[in-house]
Every structure is written in structure tokens, then in C-alpha cells.
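Colleague: please find the sequence and the predicted model below.
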Amino acid sequence: MNRPPDAFPRLPRSWWLKHRYFKAYMLREATVLPLIFFLLCLMGGLWALYRGEEAWAAWLVFMRSPLVVALNLLALAASLYHAATFFVLFPRVMPLRLGRRAIAPQAIVAGQWVGVMIIGLLFFWLFGRT
Amino acid sequence: MSQPRPSSRQAFDEPLWWLLFSAGGVCFAVLLPATILFFGVLAPLGLLPSNAITAERMTALVFSLPDLAAIGALICLPLFHAAHRCRHGLLDLRLGNDGINKWFMYGLAALLSFAALSLVALGLWR
């Protein structure tokens, strides 16, 4: 009797090192690691703010340490890499039409970057002005 | 039985995790770059006006009802996004047991989300 074909063949743990697309996939997956670090920093800030003025000042000092700034710069780069790969997926997963005409994929991608800019402007309006 | 087999039970909960993952992915892509830029880079480097992020102003801003939604979008959903990717990363690397990883990851995301939202609610109450 022939064995039925295996639905889940066992892959070696290093399967993703074998092709650059797989490596890019794993890099994209790994963008959440610096994100988690930043989210924990943000939660620390929330906790500091709850405790009071001194704790908030101490949190700002913590955020200023070189290693923390370096990790958050990495998180910023990771968020932009995630955005760049995520935005091109949108028109592929859900092509939009306006009446009978399809909206160009590039326009959908550009629209999402405009969203990123708008949030940036909102933050500037909230925290960037004197 | 050395080969892993798909469970015969239907995974009724998976759509929820994928929904939270997608919502968190949108937040990570659209909202987080500015958040990280302002609070992870510009504020620590002293590039923001000094009176913009004083404890007094931040307290008024953070402990408010709209901020409950903001924390949901800036912390809670990205946490579930990260948890989902960590779970699937472990699956990709064949580390641990997915049944355990799953509850550990989503459990941690839920716990931290609850903590973040509670902090804002407690600050509102005060």
C-alpha cells in the first residue's frame, strides 16, 4: 500500500535561509521585535505618568539612554519597512474600484503613505509646536 | 506518529486572532511610525519644544476618554499583531508547542492590553 502524501512534511529549522524571499519574509516577521520593545517603553511612560511628575522625568531620562534610542531608531525603521511591505499588499488583496474604473494600485499605496503623513502632522500639531 | 497532524477539531477562534492581527498591522503601519518618531526619537533627543511634553500637559492629554481609544490603537492592537507574529514565527522555526505558544502569546497581549487600558481608566478616575 502506498502511503498517502504528507500534508505537513517536516522542514528543517533553517528552511528560510535557503531563498532570499524567505529571508525577507523572516525579516518582515522580525519587525515586531523592536516594536515590542517600543510598546513596553510606551507602557512604562504611561505608568510613569500615572505615578507623577518625578517618575515622568525619570522615564524621559531612561528614554534618553543611547541603547534605548538605538533600539527605538531600529523600531522606527522596522515600522517603515512593515508599512512599505504592508501597503503594497492592500491593492492586491482588495482592489478598489471607483464606479467602473479600477483605482491604480500605485494610487492606493500612495494614499496609505498620505495616511502616515497625516498622523505625523497630527503628532506635530500636538507635540511639535511651542 | 512522528508527523504532526492537523487537529480534527475546528479552530473556531482563529478568525478572531487574524482579525486582531490585521487591525494591529494597520495601526503598526499607519500610526506607529509617527509615535515612535516623536516619543522614541525626537523627545529623547530634546528636539521637541520643552513645554510640549511636560508631566502636567501629558497627564491632561493621556488621562482622557479619547485617549482610551488612542491606547487601544497605539498599544493594544499592535500587541496582538506582535503576539500573532511571534506565535507564527515560533511555528516557522518549529520551536515549542503551538497549543501552548498560542495561549502564552495571546494571553500576554491581553494581559498587557488590560494593564494599559486600566492605567488610563485609573488616571481618569483620579
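Modeller: That came in fine, so what should we check first?

Colleague: any idea which helix or strand comes after the lowest-mean-pLDDT helix or strand in chain A?
Modeller: In chain A, no helix or strand scores lower on mean pLDDT, DSSP states H and E than strand A:97-98, which sits at a mean of 88. Remark: after strand A:97-98, the chain's next helix or strand is strand A:101-102, criterion DSSP states H and E.

Colleague: that next one packs against which elements?
Modeller: Judged by 3 or more CB pairs under 8 Å, 6 or more residues apart in numbering or on different chains; DSSP states H and E, strand A:101-102 is in contact with no other helix or strand. Just so you know, the C-beta spots here come from the backbone N, C-alpha and C atoms, and that holds for glycine as well.

Colleague: neighbouring strands - and their directions - for that strand?
Modeller: strand A:97-98 (antiparallel) (DSSP bridges).

Colleague: what's the spacing between the strand it pairs with and its chain's center?
Modeller: Here strand A:97-98 is found 28 Å from its chain centre; the criterion is CA atoms, centre = their mean, to the nearest Å.

Colleague: in chain B, which residue sits nearest chain A?
Modeller: With CB to the nearest CB, the shortest gap between chain B and chain A falls at B:Gly40, namely 3.1 Å.

Colleague: the residue nearest to that residue when sequence neighbours are not counted: what's it in contact with?
Modeller: Excluding its sequence neighbours, the residue lying closest to B:Gly40 (CB to CB, 6 or more residues apart in numbering or on different chains) is A:Asn72, at 3.1 Å. By CB atoms under 8 Å, 6 or more residues apart in numbering or on different chains, the residues touching A:Asn72 are A:Pro34, A:Phe37, A:Phe38, A:Cys41, A:Met63, B:Ile36, B:Gly40, B:Val41, B:Pro44.

Colleague: can you tell me which of these is closest to A:Ala24?
Modeller: The shortest gap between A:Ala24 and any of the contacts of A:Asn72 belongs to A:Pro34, at 16.9 Å (CB to CB).

Colleague: OK, contacts around that closest one?
Modeller: So A:Pro34 contacts A:Leu71, A:Asn72, A:Leu74, A:Ala75, A:Ala78 (CB under 8 Å, 6+ apart).

Colleague: can you pick the most crowded of these?
Modeller: A:Ala75 (27 neighbours; other CB atoms under 10 Å in any protein chain shown).

Colleague: and the most centrally placed residue in chain B, what helix or strand is that in?
Modeller: Per CA atoms, centre = their mean, the C-alpha nearest to the average position across chain B is that of B:Leu79, at 1.9 Å. Under the criterion of DSSP H and E, B:Leu79 resides in helix B:77-92.

Colleague: now do the next helix or strand after that helix: distance to the chain's middle.
Modeller: Using DSSP H and E, the helix or strand that follows helix B:77-92 in sequence is helix B:98-125. Here helix B:98-125 is found 8 Å from its chain centre; the criterion is CA atoms, centre = their mean.

Colleague: now stretch A:70-79
Modeller: With CA atoms, centre = their mean, you get 9 Å for stretch A:70-79.

Colleague: one more: stretch B:20-34?
Modeller: For stretch B:20-34, the distance to the chain centre is 9 Å (CA atoms, centre = their mean).

Colleague: now the element after the helix ranked longest in chain A, going C-ward?
Modeller: Using DSSP state H to define each element, chain A has its longest helix at helix A:66-87. Counting by DSSP H and E, the next helix or strand C-terminal to helix A:66-87 is helix A:89-93.
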